[in-house]
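Trainee: I would like the atomic coordinates for the input below:
(chains A, B, C and D)
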Number of protein chains: 2
Amino acid sequence: MFSVSMKTQYGIRALVHLARTGSDSATSAEIAKAEGISPKYLEGILGQLKAAGLVTAERGQKGGYRLARAAAEIPMIEIVGALDGQVKPVLCVDDSRSCAQGGGCLPRRFWLGLKGAIDGYLASRTLQDVIEG
Amino acid sequence: MFSVSMKTQYGIRALVHLARTGSDSATSAEIAKAEGISPKYLEGILGQLKAAGLVTAERGQKGGYRLARAAAEIPMIEIVGALDGQVKPVLCVDDSRSCAQGGGCLPRRFWLGLKGAIDGYLASRTLQDVIEG
DNA sequence: GCTATTCCTATCGGATTACTAGGAATATAC
DNA sequence: GTATATTCCTAGTAATCCGATAGGAATAGC
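Mentor: Below is the predicted model:
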């Protein structure tokens, strides 16, 4: 229950790796090897992280990835959101009309509260917090 | 992300229905029709809720289900746990040895914290809270 | 015995996930 | 300017899970 996809787990580990390499860039293959992640799969993940503005990429020889901001400026909710989408316990969280029960759906508030608890936690931690443990 | 299975959503609605019928018992088919849930599917869900000690069942004619305890005595975490299992963002939450990274896995604490946030919310609400909205 | 119910087991189509494959675009090195 | 190392783009695939269905056995009331 509430399991996190491998994609997100890999993505976080890749970002941790990038944070450690500091201002130097690291290639996808390099990260994959160091972190034990399937190289081709990681390529796609880094692409998503780039699209979300969390990393920058340079291509060609001597290319690679680096963090777009300091680790302390990257909230974990942004990483999770980029890879696995918005926290959405039930479909009707952002559209009450999609609730099959119409207006008489009692549990909806409960689910909204759960979303708030999860979002609150994820927003309160940064990549730097994760690195420091 | 972090979506809740239909099974759990149905289960909660069924329990809300039972709480409203009070001391009278309701049949599976009756709940299914009132809540718009596939009848046969709901049977299995009620079976799981019974196995978890949340409802009692009587079979044969005039049979049906009723809450095993008062709604205020049923924490939501027990319902979710019965239907979708323990909250487990990553596999290694309860077994650090299963962590592929060995002892050097930085994100594990972060995930444990997330589990704590989710469990805390779910444990703090009861079925009665959901009914009262 | 008839009927209404819970209970048990098995199956199925569709969706998602983790991963693979092949190559195009691009920048550096020589 | 050719070779090389990298990011980037598009498909495909095997396995798994989920929501739902099917058929019937056990059980209790009338």
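Trainee: for DNA strand C, what are the nearby residues on chain A?
Mentor: Within chain A, the positions near DNA strand C by CB under 7 Å from any atom of the strand are A:5-7, A:10, A:37-38, A:40-41, A:44, A:58-63, A:84. Every C-beta, even on glycine, is put in place using the N, C-alpha and C of the backbone.
Trainee: If we use 6 Å, what do you get?
Mentor: Taking CB under 6 Å from any atom of the strand as the criterion, chain A approaches DNA strand C at residues A:5-7, A:38, A:40-41, A:59-62.
Trainee: among those residues, which are within reach of DNA strand D?
Mentor: For DNA strand D, the contacts drawn from the residues of chain A next to DNA strand C by CB under 6 Å from any atom of the strand are A:59-61.
Trainee: State the distance from residue A:37 to residue B:81.
Mentor: Residue A:37 sits 31 Å away from residue B:81, going by CB to CB, to the nearest Å.
Trainee: Neighbour count for these two, which is higher?
Mentor: Using other CB atoms under 10 Å in any protein chain shown as the criterion, residue A:37 and residue B:81 rank with residue A:37 on top: 20 against 17.
Trainee: A helix includes the more buried one, no?
Mentor: No. The assignment for residue A:37, made by DSSP: H, G, I helix; E, B strand; the rest coil, is coil rather than a helix.
Trainee: wait, isn't it in contact with residue A:11?
Mentor: No. Using CB atoms under 8 Å as the test, residue A:37 is too far from residue A:11 to be in contact (9.5 Å).
Trainee: need the residues of chain A next to DNA strand C in CSV with neighbour count, pLDDT and secondary structure, can you?
Mentor: Formatted as CSV, the residues of chain A next to DNA strand C follow (neighbours: other CB atoms under 10 Å in any protein chain shown; pLDDT from 0 to 100; DSSP: H, G, I helix; E, B strand; the rest coil):
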residue, neighbour count, pLDDT, secondary structure
A:5, 13, 96, coil
A:6, 15, 96, helix
A:7, 15, 97, helix
A:38, 12, 97, coil
A:40, 10, 97, helix
A:41, 13, 98, helix
A:59, 7, 94, coil
A:60, 5, 94, coil
A:61, 5, 94, coil
A:62, 8, 94, coil
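Trainee: out of these, who's nearest residue A:117?
Mentor: Ranked by distance to residue A:117 (CB to CB), these are led by residue A:5 at 19.9 Å.
Trainee: can you tell me how far the closest one sits from residue A:48?
Mentor: Residue A:5 sits 12 Å away from residue A:48, going by CB to CB.
Trainee: swap in residue A:17?
Mentor: Distance from residue A:17 to residue A:48, counting by CB to CB: 16 Å.
Trainee: Check residue A:80 too.
Mentor: To residue A:48, residue A:80 is 12 Å away according to CB to CB.
Trainee: In chain A, where is pLDDT below threshold?
Mentor: In the predicted model, chain A carries pLDDT under 70 at residues A:95-104.
Trainee: hey, where'd the strands end up in it?
Mentor: Listed in chain order, the strands of chain A (DSSP state E) span residues A:55-58, A:64-67.
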